[in-house]
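> Please find the sequence and the predicted model below.
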Amino acid sequence: MRAVKSKDTKPEMIVRRLAHRLGYRYRLHRADLPGKPDLTFPGRRKIVFVHGCWWHGHDCKRGARAAKGNAAYWLGKIGRNVERDRGNYAALAAMGWKIAVIWECQLKDMAAVERSMLSFLE
C-alpha cells in the first residue's frame, strides 16, 4: 500500500486541470485546514475534495467492492476514513467553508463535473 498516493492522484489531476481551464485559481493541500483539502479557493471560501470511491466508501459499484484479502481490516479502515471525512466536513463548515466532493466515478461524465464545478464555484 506504500505505492498508493494521497496527493497528485489521477482523478485529482483531472479536476485540477478542469478548474484551471475554467479560469479558477486554487491552493493545494492546505495543511492548516482539517483534512488537507485537495483544492481550496480561499477568496470564495470554497473547498473541493476529490475522493477515490473505494478508499472513502462511496456507494457506487466501484466503492462497494469488498476486499478479497484481510477483509475485516479493510472494512474497518474504510469505515474510519468515512468517519474522519464527516468530522473534517463538520469542522470546515464550522469555520465557514463551503464543501464539494467529487467522486472518482463521476469523472466518467466530464460535462456533468464541469457543470457542477461551475455552479459550485459561482
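Looks like it arrived, so ask away. Numbers count the residues shown, from 1 in each chain.
> Distance from the chain centre to the host helix or strand of Met13, please.
Element membership for Met13, per DSSP states H and E: helix 10-21. Distance, stretch centre to chain centre, for helix 10-21: 12 Å (C-alpha atoms, centre = their mean, to the nearest Å).
> what residues are up against the spatially closest residue to Arg62 that is not a sequence neighbour?
The shortest distance from Arg62 to any non-neighbouring residue, by C-beta to C-beta, 6 or more residues apart in numbering, is to Cys53 (4.3 Å). In this view, the C-beta of every residue, glycine as well, is placed from N, C-alpha and C. Neighbour list for Cys53: 60, 62-63, 103-105 [criterion: C-beta atoms under 8 Å, 6 or more residues apart in numbering].
> most surrounded residue in those?
When neighbours are counted by other C-beta atoms under 10 Å, Glu104 leads those with 22 neighbours.
> Now do that residue against Ala91, distance only.
According to C-beta to C-beta, to the nearest Å, Glu104 stands 24 Å off from Ala91.
> next one: Ala64
Counting by C-beta to C-beta, the gap from Ala64 to Ala91 is 27 Å.
> re earlier: could I get the contacts of Cys53 as CSV with pLDDT and distance to Lys10?
Output for those, formatted as CSV (pLDDT from 0 to 100; distance: C-beta to C-beta, whole Å):
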residue, pLDDT, distance to Lys10
Cys60, 91, 17
Arg62, 86, 14
Gly63, 86, 16
Trp103, 97, 14
Glu104, 95, 9
Cys105, 95, 13
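> What about those residues, which are in strands?
Trp103 (DSSP state E).
> quick one: which of the contacts of Cys53 is nearest Ile78?
Gly63 (8.8 Å; C-beta to C-beta).
> Backbone dihedrals for that closest one, please?
phi -70, psi -20 (degrees, to the nearest 10).
> hang on, it packs against Trp54?
Yes - between Gly63 and Trp54 there is a contact under C-beta atoms under 8 Å: 5.4 Å.
> Can you identify each of the helices in the protein by residue range?
10-21, 71-94, 110-121 (DSSP state H).
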